[in-house]
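Colleague: Here is my input; please provide its structure:
(one chain, ligands or ions: 1)
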Amino acid sequence: MRKLIIIGSGPAGLTAAIYASRAQLNPLVLEGMEPGGQLTTTTVVENWPGSPEGVDGPKLMADMKAQAARFGTEFKSGAVTAVNLLEKPFTVTREGETLQTECLIIATGASAQLIGLPAEKKLMGRGVSTCATCDGFFFKKKEVLVAGGGDSALEEAMYLSNLAASVTVVHRRNELRASKIMQQRAFAIDNIHFLWDSVIEDLQDVDKGTFTGALIRNVKTGETQVKTADGIFIAIGHKPNTAVFKGQVEMDANFCRRRCNRPGVQAGGDLCGHGLHGST
Ligand code: NAP
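Modeller: Numbers count the residues shown, from 1 in each chain. This next block holds a predicted model:
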């Protein structure tokens, strides 16, 4: 029986682990399928306080893990497949092993949001991607599209601009949601282009088993065009990873803001920032 299990090993989970281990609660962190979370797929993190030159995302997460381990945090890999939070002790199942705990911190973060086109999943990994740092290498000197208008889209576009021949950001409005500093940088890069007021209606070519272009509609004129490209990176935000907790805790708008309806359960991090409407 554990005092505390933390599900998730991104910044929220590891911050909780550092505090809990220093409080001698002997936490166990269940790292999930992507140890270190989304920051392990990013490049330089410039808004991390105390790092004036920026810090490499994977290194930042490795350091956080080392810091948590230093105070006695234990780690196990693998995804959580089931929880029972209806009675105490709570149980958490991962890779066939069921663990018992008095308290649980849910820090499962968020995953890339998809547009929702049937072709998207069929062509995922075949020219369609949600991670430029993971897959950008395959598009050296090629033409790529990036869907979205936030910081993620521009970060992907800027990363890809160093590899691809040209990058076209397809955004549904005529102004970006991204921060001004990211906009200034992206606008200054010659091989990044923008298609404004444009939505992606379909991805081609499922029959060939590889992405060859996108059917794009201008929402103001109604005109459509097929923009040929070798790859497309979907960067339209994230959705919270809550599926395994459905029916176990009340996931209403206050889930992260106040004490959970299950005493002993708390949530934090991107899980709260994306869709659960709580403070992070
Ligand atoms: P975001 O800020 O929510 O932006 C999502 C973008 O995708 C928006 O431009 C949105 O359009 C568009 N979009 C959403 N759903 C769409 C759909 N179905 N079809 C087409 N377009 C769609 O998400 P994010 O860019 O992932 O950023 C999330 C948070 O992380 C933000 O707070 C961001 O500042 C932060 N972040 C920071 C950095 C950095 O500082 N380097 C890097 C990445 C992320 P609308 O604008 O029309 O809503």
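Colleague: my guess is Gly268 contacts Leu14, does it?
Modeller: No - with contact defined as Cβ atoms under 8 Å, Gly268 does not count as touching Leu14 (11.2 Å). Bear in mind the C-beta positions are built from the backbone N, C-alpha and C, glycine included.
Colleague: So for these two, which sits in the more crowded spot?
Modeller: Between Gly268 and Leu14, Leu14 has the larger neighbour count (other Cβ atoms under 10 Å), namely 29 against 22.
Colleague: Relative to Gln67, how far out is that one?
Modeller: 8 Å (Cβ to Cβ, to the nearest Å).
Colleague: Rounded mean pLDDT for the lengthiest strand in the chain, please.
Modeller: Longest strand in the chain by number of residues (criterion: DSSP state E): strand 97-106. The pLDDT scores in strand 97-106 average 96.
Colleague: Next: stretch 67-74.
Modeller: For stretch 67-74, mean pLDDT is 98.
Colleague: Then stretch 138-157?
Modeller: Rounded mean pLDDT across stretch 138-157 is 97.
Colleague: check whether that stretch contacts the ligand.
Modeller: Yes - Stretch 138-157 reaches the ligand (Cβ under 6 Å from any ligand atom) through 147-153, 155.
Colleague: out of those, which is most surrounded?
Modeller: Per-residue neighbour counts (other Cβ under 10 Å) across the residues of stretch 138-157 next to the ligand peak at Ala147, which has 28 neighbours.
Colleague: Now the residue nearest the centre of the chain: which helix or strand?
Modeller: Geometric centre of the chain, nearest residue: Ser111, 4.1 Å, by Cα atoms, centre = their mean. Per DSSP states H and E: Ser111 is located in strand 110-112.
Colleague: count of residues packed around the closest residue to Ile105 other than its chain neighbours?
Modeller: Closest residue to Ile105 apart from its sequence neighbours, by Cβ to Cβ, 6 or more residues apart in numbering: Ile6 at 4.5 Å. Other residues lying near Ile6 total 31 when counted by other Cβ under 10 Å.
Colleague: Same check on Asn191?
Modeller: Counted with other Cβ under 10 Å, Asn191 comes out at 14.
Colleague: Please list all residues in contact with it.
Modeller: By Cβ atoms under 8 Å, 6 or more residues apart in numbering, the contact set of Asn191 is 161, 164-167.
Colleague: now do 7 Å
Modeller: Neighbour list for Asn191: 161, 165-167 [criterion: Cβ atoms under 7 Å, 6 or more residues apart in numbering].
Colleague: Gln204 too?
Modeller: Per Cβ under 7 Å, 6+ apart, neighbours of Gln204: 212-213, 215, 226.
Colleague: Give me the pLDDT value at the residue nearest to the centre of the chain.
Modeller: On pLDDT, Ser111 comes in at 87.
Colleague: Pairing partners for it in the sheet, please.
Modeller: When assigned by DSSP bridges, Ser111 has beta-bridge partners Lys239.
Colleague: gap between Gly116 and Val265?
Modeller: 31 Å.
Colleague: Show me what the host helix or strand of Ala12 is packed up against.
Modeller: Element membership for Ala12, per DSSP H and E: helix 11-22. In terms of contacts (3 or more Cβ pairs under 7 Å, 6 or more residues apart in numbering; DSSP states H and E), helix 11-22 is packed against strand 2-7, helix 57-70.
Colleague: Just checking, which helix or strand succeeds it along the chain?
Modeller: Sequence-wise, the next helix or strand downstream of helix 11-22 (DSSP H and E) is strand 28-30.
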